[in-house]
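[1] one predicted model, sequence on top.
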Amino acid sequence: MVRHRGRRRRRRRPRAHRATDPHLLDEIPGDRPVLLVAEGLTPYLGATDGVAMLRRVVEHFPGGEMLFDGYNRLGVAWLRASLKVGPIKARGAHVEWAIDDPHDLERTVPGLVFDTEWPFPSETELRRHYGSLARHATHAFARTPLRRMGRGLRYHFGAVD
């Protein structure tokens, strides 16, 4: 136990688990709402494993929000092509899960409700980190189906305070 400002707190220690491990949540209390942030994870999961992981979260907690990236089929193909070079190739990464319609997860994960999506990069990121050519190209892509190649997705479930 560790004392923190007069209170005793249990020291939390990170544990290594795969995100798709069915026992991942066993040691995590499920009595309060949760915020799940899974940026950079979902395209590397198989659709079956990804849906099962989201279902376990919805079943384990009384409510919460989820934020993660979702790539459509074209985005997954682009990621696959980019994984064939450099250090990512050396790690043996595989990209599988395409989320074409964010509402599909509402049907496959009971209780999950789609809230919104936002593009990568955001307007703020464009202004802050990219030159005018990249900004113009991104704005041109925003008028085509390419805008949904990769985007952030936000969902909620159960009672959220």
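    Noted; the coordinates are in hand.
[2] alpha carbons only for contacts and neighbour counts from here, please
    Fine.
[3] from residue 76, how far off is the closest residue to residue 94 other than its chain neighbours?
    Distance criterion CA to CA, 6 or more residues apart in numbering; nearest residue to residue 94, sequence neighbours excluded, is residue 44 at 5.9 Å. Distance, residue 44 to residue 76, by CA to CA, to the nearest Å: 9 Å.
[4] hang on, residue 119 packs against residue 152?
    Yes - Residue 119 sits in contact with residue 152 when judged by CA atoms under 8 Å, with a separation of 6.4 Å.
[5] mind listing what's buried in stretch 124-143?
    For stretch 124-143, the neighbour count (16 or more other CA atoms under 10 Å) marks 126, 135, 138 as buried.
[6] repeat that for stretch 49-66.
    For stretch 49-66, by 16+ other CA under 10 Å, it's 49-58, 60-66.
[7] one step back: residue 44 and residue 76: which is more packed in?
    Taking neighbours as other CA atoms under 10 Å, residue 44 and residue 76 compare with residue 76 leading, 22 against 16.
[8] contacts only, for the more buried one.
    Applying CA atoms under 8 Å, 6 or more residues apart in numbering to residue 76 gives the contacts 43, 95-98, 149.
[9] for it, helix, strand, or coil?
    Under DSSP: H, G, I helix; E, B strand; the rest coil, residue 76 falls in the helix class.
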